[in-house]
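1. after the sequence you'll find the predicted model.
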Amino acid sequence: MAHIPHDEFMKIWKKKLVAIADCVIIKGNKVLLVKRATPPFMGMWSVVGGMMEVGETIEQTAVREVREETGIKARVISLIGVYSGNKRDPRGTTISAAFLMRPLKFGGKTDGEISEMKFFNFDELPKKIAFDHHQIIGDALKLLRQKKRK
């Protein structure tokens, strides 16, 4: 993605909503979280996610963001839900499609937006997680339980 200066980006974001893909990556009984290396919530854990680019679908955004941020090739399993509002992100109004994803291949370069990544057991998640990602992870775990019952 071509980056624009932060100040210019913030002016745009305050006037228009931003479409986001949030990605809950599951491996066994663990979920991947990344430690943010950039504001907002720098130093806090979150799910992988990022902004949709012109010309791509929101599913393509999810796959691209996972690859760019973590170096992991992953595939979308299911839509978890849609989350929106002006309280989700301190930078402005967002609408997010959150996806349940499976990793396919590990390795590759990362883009520097994260300082660390780690798989956490479902019952050992950090108490503080950035944005509304605790809710998204909770909804993902409910979806997983429903899929296992079928």
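-> Structure's in. What do you need?

2. and what about E59, helix, strand or coil?
-> What DSSP: H, G, I helix; E, B strand; the rest coil gives for E59 is helix.

3. and the spatially closest residue to it that is not a sequence neighbour, what are its bridge partners?
-> Leaving aside its sequence neighbours, E59 sits nearest to V76 (Cβ to Cβ, 6 or more residues apart in numbering; 5.2 Å). C-beta: built from backbone N, CA, C; applies to glycine. Beta-bridge pairing for V76 (DSSP bridges): M101.

4. secondary structure class for E53?
-> From three-state DSSP, the assignment for E53 is coil.

5. mind listing the strands for the chain?
-> Secondary structure of the chain by DSSP state E: the strands cover 18-27, 30-36, 45-46, 48-51, 73-89, 92-105, 114-121.

6. thinking again about what came up before, just checking, the residue nearest to E59 touches L104?
-> No: V76 lies out of contact with L104 (Cβ atoms under 8 Å); the separation is 11.1 Å.

7. before we move on, the earlier item: for K128, find the nearest of the strands of the chain.
-> K128 lies closest to strand 45-46 among these, at 7.6 Å (Cβ to Cβ).

8. contacts for that closest one, please.
-> If you take Cβ atoms under 8 Å, 6 or more residues apart in numbering as the criterion, strand 45-46 is touched by L33, V34, K35, R36, P126, K128, I129, A130, F131, H133.

9. could I get those as a markdown table with neighbour count, distance to K150 and pLDDT?
-> A markdown table is the format used below for the contacts of strand 45-46 (neighbours: other Cβ atoms under 10 Å; distance: Cβ to Cβ, whole Å; pLDDT from 0 to 100):
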| residue | neighbour count | distance to K150 | pLDDT |
| --- | --- | --- | --- |
| L33 | 25 | 27 | 98 |
| V34 | 24 | 30 | 97 |
| K35 | 17 | 34 | 96 |
| R36 | 20 | 35 | 96 |
| P126 | 14 | 30 | 97 |
| K128 | 9 | 33 | 95 |
| I129 | 19 | 28 | 98 |
| A130 | 21 | 32 | 97 |
| F131 | 23 | 30 | 96 |
| H133 | 25 | 26 | 98 |
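
10. can you put those in a markdown table and add distance to F119?
-> As requested, the contacts of strand 45-46 are exported to a markdown table (distance: Cβ to Cβ, whole Å):
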| residue | distance to F119 |
| --- | --- |
| L33 | 8 |
| V34 | 11 |
| K35 | 13 |
| R36 | 17 |
| P126 | 13 |
| K128 | 18 |
| I129 | 14 |
| A130 | 17 |
| F131 | 19 |
| H133 | 15 |
